[in-house]
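Trainee: Sequence first, then the predicted structure:
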Amino acid sequence: MPAAGGKRTWLRVTVTCPPDAADAVTVALLPLSPNGVTIDGEAPVRITAWPGPYTSPPAHREAEAVIRELLAAIPDDLLPGPPPIEIVPVPEENWIEVFRAQHRPVRIGRIVIKPTWEPWPSPMLEPRADDMVIEIDPGLAFGTGLHPTTAGCVREVQDRLRRGARVIDFGCGSGILGIVAAKLGAGEVLGIDLDPAAVDVARQNVAGNAVDDRVTVRVGDSLADVGTGWDMVLANINPPIIVREARAALAALGPDGAYVCAGIPISREAQVLAALRAVGFAGILPRIEGEWVAFICVAPGGGGGR
């Protein structure tokens, strides 16, 4: 399906999957989608990616074969069987409108998260006197504030953050949670992500929001080397990583520090909760967001677990 007249074309690829598999599918599609993905629905979840641009797009079967190969690496317990895939060619001039239409300003408490291309004040949201506006360009990374797990983490940061606190945003994606923490008064923020492309996007967003004096972002896949005495560890990531890093998160926290972990489908709640209890947190509080659950795990007041 060549693009007529040499015009560039994008492919709108939509994968329908269970909530358990949403993060894994997102990670699988990001290498093909230079402007990130959008996530809609709760059960099932629809994840839309935008491969391209192409002057001569691959045939439908060729594109689907590449996507199937990427999805095949996801474990069967997360993605049992080949998921439905929809592939639609979209001319570039229409793609720009569609992509931007899917990223709109959103208010979470007093935080307003808006794409960099949207004006402020916005015709989509009535400004309030106490609004704190954060600009995000998602680029290659996950995190625009629209997903319920991201929104839940933003609310927890607003409710729990103490001025001057030291915060880790583990699996930082676009950098949104670390930027929120810095804007709300955190004294030091460390963002960590496995994907170098996400780290680049996060650094750009950090600089664009003028918090680069307090926020550092680096490539990494573990909390084992972050030191101790942190007040909050934020982890909006896959359940297996939340479980794997629970002991390291507790070791990183100071007394009464909080491990805020989200991105957990309800179907994984019991499994993740059992693992979190096993490492020795003093308290674990659940937070339900539709088909998702988050846990706020509080370190012992005496700094236990370190």
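Mentor: Yes, it's here. Predicted model only: the values in this text are computed from it and were never measured.

Trainee: Would you state the helices of the stretch 201-306 of the chain in chain order?
Mentor: Residue ranges of the helices in the stretch 201-306 of the chain, as given by DSSP state H, counting those that start in this stretch, are 239-252, 269-278.

Trainee: With the stretch 51-200 of the chain instead?
Mentor: 60-71, 92-101, 148-160, 176-183, 196-208.

Trainee: List the buried residues of the third one.
Mentor: Using 16 or more other C-beta atoms under 10 Å as the burial criterion, the residues of helix 148-160 that qualify are P148, T149, T150, A151, G152, C153, V154, R155, E156, V157, Q158. C-beta here means a position set from N, CA and C on the backbone, and glycine is covered the same way.

Trainee: ok, the last one to T149 distance?
Mentor: This points to Q158. Applying C-beta to C-beta, to the nearest Å, the value for Q158 to T149 is 15 Å.

Trainee: swap in I111?
Mentor: The gap separating I111 from T149 is 15 Å, by C-beta to C-beta.

Trainee: Over to L30?
Mentor: 17 Å.

Trainee: top strand in this structure by residue count?
Mentor: strand 253-265 (DSSP state E).

Trainee: what's around the residue lying closest to R287 once chain neighbours are set aside, how many residues?
Mentor: What sits nearest to R287 in space, not counting adjacent residues and going by C-beta to C-beta, 6 or more residues apart in numbering, is A294, at 4.4 Å. Residues lying near A294 (other C-beta atoms under 10 Å) number 24.

Trainee: likewise W10?
Mentor: Using other C-beta under 10 Å: W10 sits among 26 other residues.

Trainee: these two touch, right, G187 and R162?
Mentor: No: G187 lies out of contact with R162 (C-beta atoms under 8 Å); the separation is 9.4 Å.

Trainee: Please determine how far I136 is located from S222.
Mentor: 26 Å.

Trainee: And V206, by the same measure?
Mentor: 21 Å.

Trainee: So which of these two has more stuff around it?
Mentor: V206 (24 against 13).

Trainee: Surely that one and S174 touch.
Mentor: No: counting by C-beta under 8 Å, V206 stays clear of S174, with 9.9 Å between them.

Trainee: Below-threshold pLDDT in the stretch 201-306 of the chain: ranges please.
Mentor: Across the stretch 201-306 of the chain, the ranges flagged by pLDDT under 70 are 302-306.

Trainee: One more pass at 50, please.
Mentor: Counting by pLDDT under 50, the ranges of the stretch 201-306 of the chain that qualify are 303-306.

Trainee: Any stretches of the stretch 1-150 of the chain with poor pLDDT?
Mentor: Using pLDDT under 50, the stretch 1-150 of the chain drops low at 1-5, 140-143.

Trainee: which one among the buried residues of helix 148-160 gets closest to D131?
Mentor: Set against D131, the nearest of the buried residues of helix 148-160 by C-beta to C-beta is Q158 (12.7 Å).

Trainee: List the contacts of that closest one.
Mentor: I108, G109, R110, I111, V180, L184 (C-beta atoms under 8 Å, 6 or more residues apart in numbering).

Trainee: repeat that with 6 Å
Mentor: G109 (C-beta atoms under 6 Å, 6 or more residues apart in numbering).
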